[in-house]
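In: 3D model of this:
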Amino acid sequence: MKSGFVAILGRPNAGKSTLLNALTGEKVAIVSAKPQTTRNRIEGVVEVPARKGRHPAAQIVFVDTPGVHKPGTQLDRRMLQEVYEALEARDLVLVLMDATRRVQLEPTEPPAESVETPGVPISKDCHPERSAAESKNLRLSGLEISKPSASKHNRTNWASEDEFLFGLIRKVECPVFLLLTKIDLVPRDRLLPLIDTLTRQFNFAEIIPISARKRDGLDILIRKIVGVLPTGERYYPKDQYTDQPQRFMVAELIRESILVETGEEVPYASAVVIEQFEEPKPFVPRKKGAVPARTPLTRIAAAIYCERDGQKAILIGKGGSKLKEIGTAARRQIESLLGTRVYLELRVIVEPNWRESKTFVESLDWRNQLERLAEHSVREISPGDDE
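Out: Numbers count the residues shown, from 1 in each chain. Okay, here's the model as predicted:
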């Protein structure tokens, strides 16, 4: 069989998390209309059955990353580090570009070769100079290349977030696929100018238009991915669909509820830490034919951190109304995830300027949280205790 890691890169709101959820068939990553929703690397595992005459069986480990954006805080820098780490171990990179928005890239020479795009033909003779009609079409579609603000020698890597994204993929030594996302929201003929713009910047191994929401193009994507992955063994058990522990997924569902229920700066200044996660004991009938007990209850306590008293007031709301709305919405999602009833207790804590605290930001990483939990468990077991 084939197996490998596939890194998913893109600007904020490019649809990375929506794609990951569509590919796995599970809610692996939270989704919202607000940028910078994803803060950590998240792996989603897809088992691909063999298709006779088409491709062998495969296990694809998709690695979702935070959206590429200019770092302004320690949290932003940590998110960018997550992107770098995802690129360190990968067999393939998927670059997602939102087909509905303007790209900001400096003009460059076209690649030596053009790439055939499934469902969208690409002109074989692309030239740097465009006709007046071509330029007009680009302006009408909203996909014209922005003019450079400085000379090519003086500009920085952060001339634009698109420029930085392409700077990242130019350094990788593996195939790179371009995925044009949200194609259900634009006419097909508007994709051609965007493809022309992007293929002048990088010689992609494949260019695939997709709509994760409508699952358009996903079968082609899976088939193309399997085609470039190396032969290998499974990285995860066959029935596992993510690397995330339930505690972290629960924290993310609470944060998703905050993203939906609040506005302004509150979602970006909020972090969630699970303080208690008490799983129910399995029900054991006392005698044959006993009536089963009610659905088991999971008890969860979580702290919502924010940076200012004003943000705390918004999160709590008048008489605790907003916190109740956040908790109710989150609890429904958590019950669906765990398959149990959930008792959810939330509290709000002000941690001034936590986004600039490297120690606090590092503590939010679920991998570090698991290490601390393991250390705490070891300390609780004394030498004389039964293990």
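In: so for Ser357, what's the pLDDT?
Out: Listed pLDDT for Ser357 reads 96.
In: could you measure from it over to Gln74?
Out: Distance, Ser357 to Gln74, using Cβ to Cβ, to the nearest Å: 6 Å. Where C-beta positions appear, they are placed from N, C-alpha and C, glycine not excepted.
In: more crowded one of the two?
Out: Gln74 (18 against 15; other Cβ atoms under 10 Å).
In: pLDDT below threshold where in the stretch 101-250 of the chain?
Out: 106-159 (pLDDT under 70).
In: again, only using 80
Out: Applying pLDDT under 80 to the stretch 101-250 of the chain picks out residues 102, 104-159.
In: what segments of it are strands?
Out: 176-181, 206-209 (DSSP state E, counting those that start in this stretch).
In: can you count the residues close to Tyr343?
Out: 12.
In: which ones are touching it?
Out: By Cβ atoms under 8 Å, 6 or more residues apart in numbering, the contact list for Tyr343 reads 297-300.
In: hmm, try it at 10 Å
Out: 278, 297-301, 331 (Cβ atoms under 10 Å, 6 or more residues apart in numbering).
In: mind checking the SS state of it?
Out: strand (DSSP: H, G, I helix; E, B strand; the rest coil).
In: repeat that for Val45.
Out: strand.
In: what about it, how many neighbours?
Out: 23.
In: cool, Glu351 as well?
Out: Other residues close to Glu351 by other Cβ under 10 Å number 15.
In: nearest spatial neighbour of it, skipping sequence neighbours?
Out: Tyr305 (4.7 Å; Cβ to Cβ, 6 or more residues apart in numbering).
In: who is that neighbour paired with across the strands?
Out: Residues in a beta bridge with Tyr305, per DSSP bridges, are Ala271, Ile349.
In: the residue nearest to Gly217 when sequence neighbours are not counted: neighbour count?
Out: Leaving out its chain neighbours, the residue that sits closest to Gly217 by Cβ to Cβ, 6+ apart is Ile210, at 3.6 Å. By the criterion of other Cβ under 10 Å, Ile210 has 26 neighbours.
In: and if you look at the one 5 residues further on?
Out: As a burial measure, the neighbour count of Arg215 was computed by other Cβ under 10 Å and equals 11.
In: cool, the one 5 residues further on as well?
Out: A total of 15 residues lie near Ile220 under the criterion other Cβ under 10 Å.
In: the one 10 residues further on too?
Out: The local packing count at Pro230 equals 9, with neighbours defined by other Cβ under 10 Å.
In: against Ile220, how distant is it?
Out: 21 Å.
In: if we can go back for a sec, now do the contacts for the residue nearest to Gly217.
Out: So Ile210 contacts 15, 19, 22, 94, 96, 99, 118-119, 179-184, 216-218, 220-221 (Cβ under 10 Å, 6+ apart).
In: among the residues you listed, name the ones in helices.
Out: 19, 22, 218, 220-221 (DSSP state H).
In: keeping just the C-alphas, turn the longest helix belonging to the chain into PDB.
Out: Assignment by DSSP H gives helix 321-338 as the longest helix of the chain. These are the backbone C-alpha positions of helix 321-338, laid out as PDB (Å, rounded to 0.1, in the frame of the first residue of the first chain):
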ATOM      1  CA  SER A 321     -26.400  35.000  29.300                       C
ATOM      2  CA  LYS A 322     -23.600  35.000  26.800                       C
ATOM      3  CA  LEU A 323     -21.600  32.400  28.700                       C
ATOM      4  CA  LYS A 324     -24.700  30.200  28.800                       C
ATOM      5  CA  GLU A 325     -25.100  30.500  25.100                       C
ATOM      6  CA  ILE A 326     -21.500  29.600  24.500                       C
ATOM      7  CA  GLY A 327     -21.800  26.600  26.800                       C
ATOM      8  CA  THR A 328     -25.100  25.400  25.400                       C
ATOM      9  CA  ALA A 329     -23.800  25.500  21.800                       C
ATOM     10  CA  ALA A 330     -20.500  23.800  22.700                       C
ATOM     11  CA  ARG A 331     -22.200  21.100  24.800                       C
ATOM     12  CA  ARG A 332     -24.300  20.000  21.900                       C
ATOM     13  CA  GLN A 333     -21.200  19.600  19.700                       C
ATOM     14  CA  ILE A 334     -19.300  17.800  22.500                       C
ATOM     15  CA  GLU A 335     -22.100  15.400  23.100                       C
ATOM     16  CA  SER A 336     -22.100  14.500  19.400                       C
ATOM     17  CA  LEU A 337     -18.300  14.000  19.500                       C
ATOM     18  CA  LEU A 338     -18.300  11.900  22.700                       C
END
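In: on contacts alone, who are the packing partners of that helix?
Out: helix 246-261, strand 297-306, helix 309-316, strand 341-350 (3 or more Cβ pairs under 10 Å, 6 or more residues apart in numbering; DSSP states H and E).
In: let's see 7 Å
Out: Judged by 3 or more Cβ pairs under 7 Å, 6 or more residues apart in numbering; DSSP states H and E, helix 321-338 is in contact with helix 246-261, helix 309-316, strand 341-350.
In: buried sites along that helix?
Out: 322-323, 326-327, 329-331, 333-334, 337-338 (16 or more other Cβ atoms under 10 Å).
In: got the helices and strands packed on helix 321-338 as CSV, with distance to Asn368 columns?
Out: What follows is these, written out as CSV (distance: least, Cβ to Cβ, whole Å):
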stretch, distance to Asn368
helix 246-261, 11
helix 309-316, 24
strand 341-350, 19
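In: which of those sits most buried?
Out: helix 246-261 (a mean of 22; mean count of other Cβ atoms under 10 Å).
In: tell me the angle that one makes with helix 309-316.
Out: 100 degrees (axes from the mean of the first three to the mean of the last three Cα atoms, to 10 degrees).
In: for helix 246-261, what is the distance to the chain centroid?
Out: With Cα atoms, centre = their mean, to the nearest Å as the basis, helix 246-261 stands 14 Å off its chain's centre.
In: cool, stretch 33-49 as well?
Out: The mean C-alpha position of stretch 33-49 is separated from the chain mean by 3 Å, Cα atoms, centre = their mean.
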